[in-house]
Each structure stands twice: as structure tokens, then as C-alpha cells.
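# Model the structure of this input:
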Amino acid sequence: MKGFHREETRFSLCGLNCALCVMCLGGHCPGCGGGPGNQSCAIARCSLEHGGVPFCWECPEYPCPRYNSFDAYDSFVPHRNRERDVARAQKLGLESYLQELEEKRSILDKLLTRWNDGRRKTFFDTTVYLLPLEELRSVMDALEHQPQLAEQPVKERTLAAVARFQEVASRQGVNLKLNKQLKKE
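Predicted structure coming up:
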């Protein structure tokens, strides 16, 4: 969006984790307000109208009607943790939250390079996005400390990782599939 720029591009105005976004990972989007390739966004336009607030939660009108039903459906990234992530960033402070986000990004990078059979990018992205960092650490530790897995073909490693994450997600009551909006007929 013309005239819109933000210094922090790892965490969006509205609370999405751009650092974990498949579009950002693929180099298709520089993140909210990050320059060329930045998508037009009603929330970015609203930020400009409200003096360029860096995060929606800093606006006196937050939460506003723009957030109604925002979390009901996912795009290419999950939206359902957005409010929780905003609350966590506020509680920890932005820098501490961003450190956690960077650790999640590191876990995602490991999953995509070591545990992905080429067909699980969205699954791993969604998993890292939705599961708490402590759970991610625990699964990664368990996976990395199974020497027999290291010798398996990538397909077997992938299936083992997926099964572990599905088990944790089930215990947490988290659905690791994107919630797509039903198409109107």
C-alpha cells in the first residue's frame, strides 16, 4: 500500500505472525508494511488514518468492528490464535514475544529442511503457528533424540513428526488444518 511502512515486519498490525507465514517464507510477501510486494490491506489503510499506529492494539478504538469474524476462517495462515498472540505480545513485551517468534521460526526451518517430505509445508507451518512453543520444543527434542529416525528415509521421518505433532495437537484440542471459508453457491 502506497505510503504505508512499518519497521517491524515479523508481527503484523492485526496480530498475524508474518515471520511464520508461508507467503513470507516463500519470498512472496515482505510482511505487513515491508515494502514492495506488500499487499493492499484495509487494516493498513486504517493504521494510516489513525496516525500510523504500529499495532492495532495501540489504537484507542481497538478492538474495532474490523475484527468481527476475522478469526472465523484462515487464509494461507491460521487466524485463530491472533487475539491470543496479541495478548501474549502485550504481556511479554514486543521484544520478548519476537524472540519466541524467532525460535518458532527456527523450529519451522528445521522441520522444513529435515522432516519435510516435500508435501508438508502447510502442515508444519500451521503446526508451528498454532502449538505453544513449549510443546514444539518438546516434540522437536523427542524427534531429534531418536537415533533410529535419523537413519530413516525422509518419508518415514515426516510421518513420525506428523504423528507426534498430531498427538500433541489432539491433547491440546487444536485442529492442525486450516479453517477454510465455505464457498457461497
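# And Ala150, what's its pLDDT?
Ala150 is assigned a pLDDT of 84 by the prediction.
# Setting aside sequence neighbours, what's the nearest residue to it?
Nearest in space to Ala150, with sequence neighbours left out and distances taken as Cβ to Cβ, 6 or more residues apart in numbering, is Arg157 at 7.9 Å. Any C-beta I mention is one placed from the backbone N, CA and C, and that applies to glycine too.
# just Phe70 next, same as before
With sequence-adjacent residues excluded and distances taken as Cβ to Cβ, 6+ apart, Phe70 is closest to His79, at 6.1 Å.
# so the one you found touches Asp71, yeah?
Yes. With contacts counted by Cβ atoms under 8 Å, His79 reaches Asp71, the gap being 4.8 Å.
# With neighbour numbers in mind, choose between those two.
Here His79 and Asp71 are compared on neighbour count by other Cβ atoms under 10 Å; more neighbours surround His79, at 19 against 16.
# The chain: helices as residue ranges?
Taking DSSP state H to define them, one finds helices in the chain at 22-25, 42-49, 82-92, 94-110, 121-130, 133-144, 147-150, 154-172.
# next one: the first one to chain centre, how far?
Which is helix 22-25. 10 Å (Cα atoms, centre = their mean, to the nearest Å).
# Identify the residues contacting the residue nearest to Phe70.
His79 makes contacts with Leu16, Phe70, Asp71, Ala72, Tyr73, Asn179, as judged by Cβ atoms under 8 Å, 6 or more residues apart in numbering.
# Ok, Pro63 next?
For Pro63, the contact set (Cβ under 8 Å, 6+ apart) comprises Cys56.
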